[in-house]
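Undergrad: for reference, the sequence and a predicted model appear below.
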Amino acid sequence: MKSIFSTVVRRWQQLCVLSLSALQQPVVINRTRLNRGQVIGASVQKIWKSHSLPISTKIQLMKVPVWPVATYGCESWTPRKNEETYFDASEMKGLRKILWVSWRAKKTNEWVLNKAGVKRELLDTVKARKLSYYGHTMRKQGSYLKKT
């Protein structure tokens, strides 16, 4: 009797661990996508070091190759409140690299945004794309939304 009970308890614990890891899956996906975007940003770091380009051009270069990689498939994500900080942190990390402001310099994020002359846009872009995708799926008619 004890062996059956211990087997059931062990299986239940394994099931709970699997279900918890499945709930935490979107966090891993979001972080992975953001990290891939940062890798692309590191590959254009030679451009960001250039003194001949204005800051506005460097910011546009961050938005063109880096953000699409970081936000690929974001329409299907469900960002929670704690995950939204990852988007903000990734955007600020890119801006700090462009402006060559170290995190040890004790400069606030607002100071970096004012220096760059921009507002936070990455999270708003993700939310807008998610709403756009929702509208696209709601306009579908017929059996497109039915599971088979």
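TA: Alright, I've got the coordinates. Numbers count the residues shown, from 1 in each chain.
Undergrad: give me the nearest residue to K97, chain neighbours excluded.
TA: In space, and not counting its chain neighbours, K97 is closest to W48: 6.0 Å by CB to CB, 6 or more residues apart in numbering. From N, CA and C alone the C-beta is placed, and that goes for glycine too.
Undergrad: the one you found: neighbouring residues, count only.
TA: For W48, the count of nearby residues is 19 (other CB atoms under 10 Å).
Undergrad: and K46, by the same measure?
TA: Under the neighbour criterion other CB under 10 Å, K46 is assigned a count of 8.
Undergrad: show residues contacting the helix or strand where it lies.
TA: If you go by DSSP states H and E, K46 is part of helix 45-48. Outside of helix 45-48, the residues within contact range by CB atoms under 8 Å, 6 or more residues apart in numbering are 53, 58, 61, 97-98.
Undergrad: gap between W77 and R129?
TA: 10 Å (CB to CB, to the nearest Å).
Undergrad: typo on my end, S52
TA: Distance of S52 to R129, given as CB to CB: 33 Å.
Undergrad: tell me which of the two has more neighbours.
TA: Each of S52 and R129 has its neighbours counted (other CB under 10 Å); R129 has more, 15 against 6.
Undergrad: wait, that one sits on T71?
TA: Yes - counting by CB atoms under 8 Å, R129 does reach T71; the two are 7.0 Å apart.
Undergrad: from the contacts of helix 45-48, which two are the most distant?
TA: L53 and K97 (13.8 Å; CB to CB).
Undergrad: neighbour count winner among those two?
TA: K97 (19 against 14).
Undergrad: ok, the more buried one to K140 distance?
TA: Per CB to CB, K97 is found 41 Å from K140.
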